[in-house]
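[1] sharing a model prediction with you, sequence too.
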Amino acid sequence: MNDSKDPNGSKDLADSADSPPRPTGNVGGSAGGGAGGGALRGVGIGCGVLVAVPVLLVLGFLVTYSVQRGTPEDYERVAPQAMMTRIGDVSQESYEVLGFEAAVGSDASSDFCYPDGLESMADEPVDGAYSLSHRWSVDGVSESGAASALKRLHRHLKDESWDIDSYENDADAVYGLELRASRGGPSDDGGDIRAVFEWRDYDGRFEGGVHAPCAYDPDAGPGSEPATDAGSRVEPLELRP
């Protein structure tokens, strides 16, 4: 018998054994699909974050606004006449230091008080609160006399630990001579006690004023209107040298 092997058949078997298996699926398509899905998920998360951040900011704003609206302002509770006496004493002391020789009358006025913070956007005055001012003036004051008077008062207020906000005592000042000072009030929300003294060259009038911090009128009940008539219910004093 002829037992010789077919050389070609042996070669075919060897080639089949050495050949790698053929892929059965769309390998390239599967990889591309996985990357595309990850990208889409990333875009979705990013969009969610972009939407969530403004919503959280708005919610935080509304919560803060509601809390502030529900919290009463920290004003001192003082009757208008007692407040008038308090700022009138500042006016009298300042008048003595200024050194004017004649006694002068004065007047009082009041204004609204508005809350600070986010509440201020509502532009609504605080119920039962008022801000009192005391003003006076002296006519016929020369520029040199006003300059000397303001210099004395400036030194006195600094010695009394007032904060000097502005001081214009130069003869070349455009708007005249001026001294503005302030001192911390009894409460954080009420503001400062402010004192303003001015001399204008066009009429030779020297004007002074002391402005009180915001306060609650004890006679104003809960939910009452702003006490804007406080200025008409007080009796300002006459200033004497």
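    Happy to help now that I have it. Residues are numbered from 1 along each chain as shown.
[2] does Pro186 touch Tyr216 like I think?
    No: contact criterion Cβ atoms under 8 Å: Pro186 and Tyr216 do not qualify, at 11.9 Å. C-beta: built from backbone N, CA, C; applies to glycine.
[3] ok, the two, which is more surrounded?
    Neighbour count, other Cβ atoms under 10 Å: between Pro186 and Tyr216, Tyr216 has more, with 24 against 12.
[4] list the residues that contact that one.
    Residues in contact with Tyr216 (Cβ atoms under 8 Å, 6 or more residues apart in numbering) are 75-78, 128-129, 227.
[5] who does the one helix or strand Gly208 maps to pair up with?
    In the assignment (DSSP states H and E), Gly208 maps to strand 205-211. Strand pairing for strand 205-211, determined by DSSP bridges: strand 129-138 (antiparallel), strand 193-200 (antiparallel).
[6] mind listing what's buried in stretch 158-176?
    162, 167-169, 176 (16 or more other Cβ atoms under 10 Å).
[7] any idea how many residues pack against Arg200?
    Close neighbours of Arg200, defined as other Cβ under 10 Å, add up to 15.
[8] who does it form a beta bridge with?
    Arg205.
[9] please verify my assumption that it contacts Gly176.
    Yes: the criterion here is Cβ under 8 Å, and Arg200 meets it with Gly176 at 4.3 Å.
[10] what do Pro186 and Tyr216 both touch?
    Here Pro186 and Tyr216 share the contacting residues Glu76, scored by Cβ under 8 Å, 6+ apart.
[11] Ser131 reaches Tyr114, doesn't it?
    No: with contact defined as Cβ under 8 Å, Ser131 and Tyr114 do not form a contacting pair (9.4 Å).
[12] and the two? which has more neighbours close in?
    Neighbours were counted for Ser131 and for Tyr114 using other Cβ under 10 Å; Ser131 has more, 26 against 17.
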